[in-house]
Every structure is written in structure tokens, then in C-alpha cells.
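Student: Based on what follows, work out the 3D shape:
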Amino acid sequence: MSYVEVPGAKVPIRMWADPSTVEGGAMQQLQNVATLPWIKGLAVMPDVHYGKGATVGSVIAMQGAVCPAAVGVDIGCGMSAVKTSLTADDLPGDLSRLRSKIEQAIPVGRGLHREAVDPKRLYQFPTAGWDDFWSRFDGVADAVKFRRERAGQQMGTLGQGNHFAEVCIDMQGSVWLMLHSGSRNIGKELAEYHIGEAQKLSHNKGLIDRDLAVFVSDTPQMAAYRNDLFWAQEYAKYNRAVMMALFQEVLRREFRKARVAFESVISCHHNYVAEERYEGMDLLVTRKGAIRAGSGEFGIIPGSMGTGSYIVKGLGNVASFNSASHGAGRKMSRSAAKRHFSTQDLEERTRGVECRKDSGVVDEIPGAYKPIEKVIEQQRDLVEVVAKLKQVVCVKG
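Tutor: Okay, the predicted model is just below:
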């Protein structure tokens with residue numbers, strides 16, 4: 001579908017979702033964003049749903065300003081995926097051992113490695129820039145109290161909630177690895193600190209929603225936020241790269257005889273800020289629950305556990321600021337899902353997937369998410385499908 005344009009105070013709201021199906025709270029958030037003095041464009045993805053300040057599934061383009069709450073508290077959260085030389089026939093009938101080995105290699109939730117992972121010990125891991133990245137740590141948000149040791153030990157770990165590591169099979173029978181995580185506790189602390197700092201600034205006092213507080217260009221506060229933001233986005237990228245290397249090592253050990261080979265890793269943020277140019281303007285584009293989908297660029301749009309995911313290629317639609325959805329999108333809150341579904345429901349809807357099926361992940365049941373096939377169909381002018389994947393092993397954070 002092409003987008004539907006809904007009137008907004010400063011800019012029209014371009015929606016790749018059916019406006020009649022968007023919850024009232026999310027629609028009000030979109031209208032609030034459209035009142036910001038600095039806004040130059042607003043695009044809404046088909047997986048849109050209510051968030052804090054700004055909706056999840058929105059692309060906000062502003063000139064000379066950025067809203068930290070519109071990035072979210074998991075700065076740089078995103079996806080990585082890689083196609084392997086294995087096929088479905090190479091996998092054992094019982095996948096519980098493989099799941100266990102993945103869980104041993106990649107800590108989940110609030111977990112961390114006992115010792116920070118040494119990237120030089122990871123097979124063919126690109127270490128260029130690694131030392132420089134960590135040397136910049138002391139310049140990151142001096143007012144935030146966290147330990148360098150914890151940030152190091154959480155590098156290469158999954159977050160909580162909807163974060164995951166999966167073994168998937170595409171329609172041709174090839175095995176893929178896929179994972180979803182972000183900047184962990186360090187990103188959360190940085191985000192919360194800067195959201196609080198933005199809310200103190202005088203130019204934000206008259207905003208319709210205090211959670212939409214922004215930093216503006218050429219100020220010390222903006223400089224500090226940009227420094228910490230881009231560092232945290234880099235942390236998230238490294239985090240996924242380390243996890244993927246650990247994930248690949250599990251497969252090399254478990255399928256030693258097959259001599260597993262891997263294609264190039266696809267990686268994309270979906271909670272982040274980028275400097276981009278549109279209609280002759282240099283803009284700060286915030287994607288909160290959206291991926292960049294420039295012409296020919298690969299992206300990943302996951303469904304829920306038990307459904308499937310898509311590898312896509314961007315079509316470069318400038319109306320969406322070269323963006324596409326980041327997943328299926330929730331249609332039910334976590335608390336509502338826990339009230340509505342049981343562990344028996346979870347077992348039924350994840351049949352055939354080696355994964356947790358306990359009460360701790362009931363809120364991640366497929367029924368709590370929008371149908372991924374419909375989400376893909378609504379953005380045919382944003383991306384083309386390259387591969388459809390179905391998970392057979394899912395490790396949840």
C-alpha cells in the first residue's frame with residue numbers, strides 16, 4: 001500500500017498503517033509529535049503502537065533538534081542475521097542440546113559474561129576501532145554512575161523482553177542465525193539521564209508532552225547527548241557483532257563435520273538517530289521501531305516467536321525517509337497478554353519451536369503481536385522480500 005496522509009499541526013502524518021486500526025493513545029502521540037517546532041516530517045510504519053513520548057514505529061525528521069525519548073531507552077537496539085551453509089537436513093531431530101549451548105555461550109536478561117569477551121579470540125572478528133571505542137568510554141556522560149566493568153561484561157549479551165537469538169530455516173531449507181538486542185544497561189542509563197536533562201531546559205517548558213523534550217543544535221547539552229548517543233549506538237552494534245561471533249562458534253563446534261560457512265552478516269539498528277539529507281535540508285532522523293530502507297539496503301523485519309521473520313531489501317522511498325517497519329509490532333500490552341493467555345496457549349502457538357514455554361515469556365506469545373504477513377504487505381512500496389525465515393530454536397532474554 002502507499003501511505004495515507006493524516007493532517008498534523010506542523011506537518012502531515014504519513015501513515016503506512018490503517019489509521020482506523022491505530023490505538024487512540026498512539027494516534028494522540030503522533031499528533032503531539034507533529035506540533036514540535038523543529039519537525040520537518042513524520043512517517044508511521046505499519047507496526048506502530050503506543051510508546052513513551054513517541055510511538056514505536058515512527059520516523060521523526062527534525063532540523064536542528066533531537067528528542068531523546070523518541071529514540072527510546074534501548075539506544076541502538078536492532079537486529080543481525082546471517083545465512084549459513086547448513087540445511088534443515090543437517091539439524092538433529094532434538095534441538096534442545098543446541099538451544100542449551102546457545103544459552104551457555106550468550107548470557108540473557110540481566111546476565112553478563114564472567115569476564116569481558118576478548119574479541120581477538122573470536123574467529124575472524126574485525127577488531128579495527130575496538131580499542132578506540134573503549135578509550136572514549138571516560139568521555140561518556142560523566143554524571144551517570146555506572147561501572148566500565150559492567151559495560152564490558154555485558155558486551156555480547158541479550159537483553160530482556162522481546163530480545164532473542166534464533167536458529168531459523170528459510171523457504172529453500174537453508175539455516176540462518178538471527179538475533180535481536182541493543183545497548184544493554186549502559187544504553188538505558190545514558191538514555192534516562194539525557195531524557196531527564198532535556199526536560200529541565202527552558203525551551204521545552206511549553207511542549208504539549210514533557211516526554212517530547214528536545215536538545216537543540218549548538219548547545220552544550222546537544223553536544224553531550226550526541227557524544228553519548230553515537231557511542232551507545234556503536235556499543236549496540238559491537239554487542240550484536242560479538243554475540244553473532246559467539247553464536248557462529250556454537251554452530252562450528254556442534255556441526256564440526258559439516259565445516260559450517262557463513263555469508264556476510266546483515267545488521268541494522270531500529271532505535272537510533274541518523275544525520276540524513278532530504279529536500280535540501282540536513283535533518284536528524286530518529287527511527288524508533290523502524291529500520292533504514294535505502295535503495296538496495298538489506299534489513300531485517302522479525303515476527304514474534306513461533307511465526308517467522310523476513311529479510312528485506314529497501315526500495316529507497318523518500319516519502320518514508322527511506323524507512324520501513326522493525327517488526328510485527330505489539331497489538332496487546334505485556335500485562336494484557338499475561339492476563340489473556342496461559343502457558344498452555346504458549347505451548348500450542350510455539351509448537352515445533354525449541355524455546356521456553358513458561359509463564360515468564362507468556363507476554364511474548366504470537367497472539368500479542370500483529371500478523372507479520374499483514375505488516376509486510378502494508379509496506380510493499382518500502383521494501384521487497386528477499387527471504388522468509390521460520391525459527392526452529394528461540395532463546396529469549
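Student: So Asp132 lies in a helix, does it not?
Tutor: Yes. Looking at Asp132 with DSSP: H, G, I helix; E, B strand; the rest coil, it is inside a helix.
Student: Report how many residues lie close to Gly152.
Tutor: One way to gauge burial is a neighbour count; for Gly152, by other C-beta atoms under 10 Å, it gives 17. Where C-beta positions appear, they are placed from N, C-alpha and C, glycine not excepted.
Student: which SSE is it in?
Tutor: Under DSSP states H and E, the secondary-structure element containing Gly152 is helix 148-153.
Student: for that helix, packing partners?
Tutor: Judged by 3 or more C-beta pairs under 8 Å, 6 or more residues apart in numbering; DSSP states H and E, the packing partners of helix 148-153 are helix 184-199.
Student: Packing partners of the helix it packs on?
Tutor: Counting contacts by 3+ C-beta pairs under 8 Å, 6+ apart, helix 184-199 packs against helix 148-153, helix 220-254.
Student: still on that earlier bit, could I have the following helix or strand past the helix holding Gly152 exported to CSV, CA atoms only?
Tutor: Sequence-wise, the next helix or strand beyond helix 148-153 is strand 164-170, with elements assigned using DSSP H and E. Included here for strand 164-170 are C-alpha records, laid out as CSV according to Å, rounded to 0.1, in the frame of the first residue of the first chain:
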residue,chain,number,x,y,z
PHE,A,164,16.2,-13.2,21.3
ALA,A,165,18.7,-15.4,19.5
GLU,A,166,17.2,-17.8,16.9
VAL,A,167,18.1,-20.6,14.5
CYS,A,168,15.8,-20.3,11.5
ILE,A,169,15.2,-22.0,8.2
ASP,A,170,14.2,-20.2,5.0
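Student: so how far is the helix holding Gly152 off the chain centroid?
Tutor: On the basis of C-alpha atoms, centre = their mean, to the nearest Å, helix 148-153 sits 22 Å off its chain's mean C-alpha point.
Student: Mind listing what's buried along that helix?
Tutor: By neighbour count, and taking 16 or more other C-beta atoms under 10 Å as the criterion, the buried residues in helix 148-153 are 151-153.
Student: Show the contacting residues for Val22.
Tutor: Contact criterion C-beta atoms under 8 Å, 6 or more residues apart in numbering gives 15, 30, 44, 48 as the residues in contact with Val22.
Student: The first one contacts Pro7, correct?
Tutor: No. When contacts are counted by C-beta atoms under 8 Å, Met15 is not listed as touching Pro7 (11.4 Å).
Student: With neighbour numbers in mind, choose between the two.
Tutor: The neighbour count for Met15 versus Pro7, taken as other C-beta under 10 Å, is higher for Met15 (24 against 9).
Student: what's the burial count for the residue lying closest to that one once chain neighbours are set aside?
Tutor: When the adjacent residues along the chain are set aside, Met15 lies closest to Val44, with 4.3 Å between them (C-beta to C-beta, 6 or more residues apart in numbering). A total of 28 residues lie near Val44 under the criterion other C-beta under 10 Å.
Student: mind checking pLDDT for Val44?
Tutor: Note on Val44: pLDDT of 98.
Student: So what pairs up with it in the strands?
Tutor: Met15, Ser58 (DSSP bridges).
Student: I'd like to know how far it sits from Pro126.
Tutor: Relative to Pro126, Val44 is positioned 36 Å away (C-beta to C-beta, to the nearest Å).
Student: Looking at stretch 208-227 now, give me its mean pLDDT.
Tutor: Here stretch 208-227 scores 96 as its mean pLDDT.
Student: what residues does it touch?
Tutor: With C-beta under 8 Å, 6+ apart, stretch 208-227 has contacts from 29, 32-33, 35-36, 38, 52-54, 62, 64-70, 139-141, 194-195, 197-199, 201, 203-204, 207.
Student: As CSV, could you dump the C-alpha coordinates of that stretch?
Tutor: Written as CSV, here are the backbone C-alpha positions of stretch 208-227 (Å, rounded to 0.1, in the frame of the first residue of the first chain):
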residue,chain,number,x,y,z
ILE,A,208,2.4,19.5,24.8
ASP,A,209,4.1,16.4,26.3
ARG,A,210,7.2,16.7,28.6
ASP,A,211,8.4,13.4,27.2
LEU,A,212,9.0,15.1,23.9
ALA,A,213,11.7,17.4,25.3
VAL,A,214,14.4,18.0,22.8
PHE,A,215,18.0,19.2,22.6
VAL,A,216,18.7,21.9,20.1
SER,A,217,21.8,22.4,17.9
ASP,A,218,24.8,24.5,19.0
THR,A,219,24.2,23.9,22.7
PRO,A,220,26.4,22.1,25.3
GLN,A,221,23.5,19.8,26.1
MET,A,222,23.1,18.7,22.5
ALA,A,223,26.9,18.2,22.1
ALA,A,224,26.9,16.0,25.2
TYR,A,225,23.9,14.0,24.1
ARG,A,226,25.3,13.4,20.6
ASN,A,227,28.5,12.2,22.0
